[in-house]
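K.L.:
What shape does this take:
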Amino acid sequence: MLKLEGQVARAGEPTLITSVQRAFRLMEAVSEQPGGTTAKYLARRTGIALPTTYHLLRTLVHEGYLEKLDDGAFIIGAQVVGLHFAAQGQGLRSRVRAVMATLREDLNAAIYLARYRDGEVEVAEIVDSPRTPRVETWADFRQAAHATAIGKCLLSGLSRAERADHLGRYPPADLTPRTITRIRDLINGPLRPVVTDSEEYSLGTACLAAPVSGADEPVTLAISFPARKLAATKTYAAPLRSAAGEVSRILALAGAFPTAG
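P.N.:
Residues are numbered from 1 along each chain as shown. Got it, this is the predicted structure:
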């Protein structure tokens, strides 16, 4: 056994910091008492010596993980609340990315999650790999909504007036010979369960996008792949819509949108 100050380690086992373990035990004990509790109770509850308990409690209060009330009781501090919200957000992002990673492997394509926020197209998550690289963004997606499956799917979630406003701010430009730039077609285009971009943004690349519900703003799940595989879109569409439905359920239950760290 190797003994270091504040550390205990056995061969083949991770080195553990005893003081950190004790601090966590104190926080857990405090969380069990909604009205707060005293240092003496915490020492008895955790088996930690009272002088050590006082020292750890002072440190935890200083760092904001605990708060000491006027009557001497300790309660959970604001720093823990912040960690709780951060953990919820990270957990949401992890669940969504897991769906995207499965879809990437199933379809052998790069996967995108995007939303229309504050009048702009925002690509929030991309799950790709060396075998399934993302589209090279040579033109800003915010200015190319008319030419991407992502953008057109998001615009379809807006009213006609909102689409007209967006296209007024970002007039459609020819990005490739196949780009659709007729504003009337873009504003009044029919709603489809899956939106296609066939080399409209980048020659040699095709994209499919499906709407995602469960959020307060238009959201879409999309894939990109070599345009030569476009004939297989019927095969791609069903898994894409299924994954979009799964993400919709995750967002609806969470009541939030995943944010990158």
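
K.L.:
switch to C-alpha atoms for all contacts and neighbour counts from now on
P.N.:
Noted.

K.L.:
now the helices for the chain?
P.N.:
18-31, 39-46, 50-62, 78-107, 149-156, 160-169, 183-188, 233-254 (DSSP state H).

K.L.:
I'd like these laid out as JSON lines, including distance to Gly72.
P.N.:
As requested, the helices of the chain are exported to JSON lines (distance: least, CA to CA, whole Å):
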{"stretch": "helix 18-31", "distance to Gly72": "13"}
{"stretch": "helix 39-46", "distance to Gly72": "8"}
{"stretch": "helix 50-62", "distance to Gly72": "11"}
{"stretch": "helix 78-107", "distance to Gly72": "17"}
{"stretch": "helix 149-156", "distance to Gly72": "54"}
{"stretch": "helix 160-169", "distance to Gly72": "57"}
{"stretch": "helix 183-188", "distance to Gly72": "64"}
{"stretch": "helix 233-254", "distance to Gly72": "37"}
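
K.L.:
Of the ones you listed, which is nearest Val123?
P.N.:
Closest to Val123 of the helices of the chain is helix 149-156 (CA to CA; 8.6 Å).

K.L.:
that older thread, rebuild the helices of the chain as CSV, extending it with mean neighbour count and mean pLDDT.
P.N.:
Putting these into CSV (neighbours: other CA atoms under 10 Å; pLDDT from 0 to 100) gives the following:
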stretch, mean neighbour count, mean pLDDT
helix 18-31, 16, 92
helix 39-46, 16, 95
helix 50-62, 16, 95
helix 78-107, 16, 84
helix 149-156, 27, 95
helix 160-169, 16, 93
helix 183-188, 15, 87
helix 233-254, 18, 91
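
K.L.:
How is the protein divided into domains?
P.N.:
Listed domain ranges for the chain are 2-76, 86-254 (source: automatic domain parsing).

K.L.:
looking at the helices of the chain, which is closest to Ala209?
P.N.:
Of all these, helix 149-156 comes closest under CA to CA, at 5.4 Å.

K.L.:
gap between that closest one and the chain center?
P.N.:
Relative to the chain's own centre, helix 149-156 is displaced by 20 Å; criterion: CA atoms, centre = their mean, to the nearest Å.

K.L.:
Show residues contacting it.
P.N.:
For helix 149-156, the external contacting residues (CA atoms under 8 Å, 6 or more residues apart in numbering) are 114-116, 121, 141, 144-146, 163, 186, 191, 194-197, 207-211, 218-222.
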